[in-house]
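> after the sequence you'll find the predicted model.
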Amino acid sequence: MGDSSSSYIHMVQHLIEKCLIFHMSKEECMEALSKHADINPVITSTVWNELEKENKEFFEAYRTRPQHQTKDDDRMSEAETSNLIQKMISDSNDSD
């Protein structure tokens, strides 16, 4: 189970990193991964929290970024989000 759980956590981390690229909040990321990748929000939250511990300065800056950088215009549609997450999962599975 060690290898499979490790690769699963790595995949969740990768998906969270993609959520960050698209300026998603922790809650938005948890919802998106739950809905589109069937990842338990508790898992997403736990991995997110660990990333925050390891990258304090990044997350401080991320949380305090100016509001104009998070306009709704920058958000992906639900279909785009679903397609992106499915592609990331597929790419992750192909590289294993």
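Sure thing, it's come through.
> gap between stretch 49-58 and the chain center?
Centroid displacement of stretch 49-58 relative to its chain, using Cα atoms, centre = their mean, to the nearest Å, is 14 Å.
> buried sites along it?
For stretch 49-58, the buried set under the neighbour-count rule, 16 or more other Cβ atoms under 10 Å, comprises Leu51. Bear in mind the C-beta positions are built from the backbone N, C-alpha and C, glycine included.
> start and end of it, how far apart?
13 Å (Cα to Cα, to the nearest Å).
> what's that stretch in contact with?
Outside stretch 49-58, the residues that touch it by Cβ atoms under 8 Å, 6 or more residues apart in numbering are 13, 16, 59.
> among these, name the ones in helices.
Taking DSSP state H, the ones among the contacts of stretch 49-58 that sit in helices are 13, 16, 59.
> what sits closest to the last one if chain neighbours are left out?
For Phe59, ignoring the flanking residues on the chain, the nearest one in space by Cβ to Cβ, 6 or more residues apart in numbering is Glu52 at 4.7 Å.
> what's the helix or strand for the one you found?
Glu52 is part of helix 41-54, with elements assigned from DSSP states H and E.
> what about that helix, distance to the chain center?
The answer for helix 41-54 is 10 Å, by Cα atoms, centre = their mean.
> circling back to that earlier point, could you find the lowest-pLDDT member of the ones in helices among the contacts of stretch 49-58?
Lowest pLDDT within those is found at Phe59 (90).
> what's around that residue, how many residues?
17 (other Cβ atoms under 10 Å).
> so how far is Ile21 from it?
14 Å (Cβ to Cβ, to the nearest Å).
> can you check Ile85 too?
Distance from Ile85 to Ile21, by Cβ to Cβ: 12 Å.
> and these two? which has more neighbours close in?
Between Ile85 and Ile21, Ile85 has the larger neighbour count (other Cβ under 10 Å), namely 19 against 9.
> name the element that one belongs to?
Take DSSP H and E as the rule and Ile85 turns out to sit in helix 78-95.
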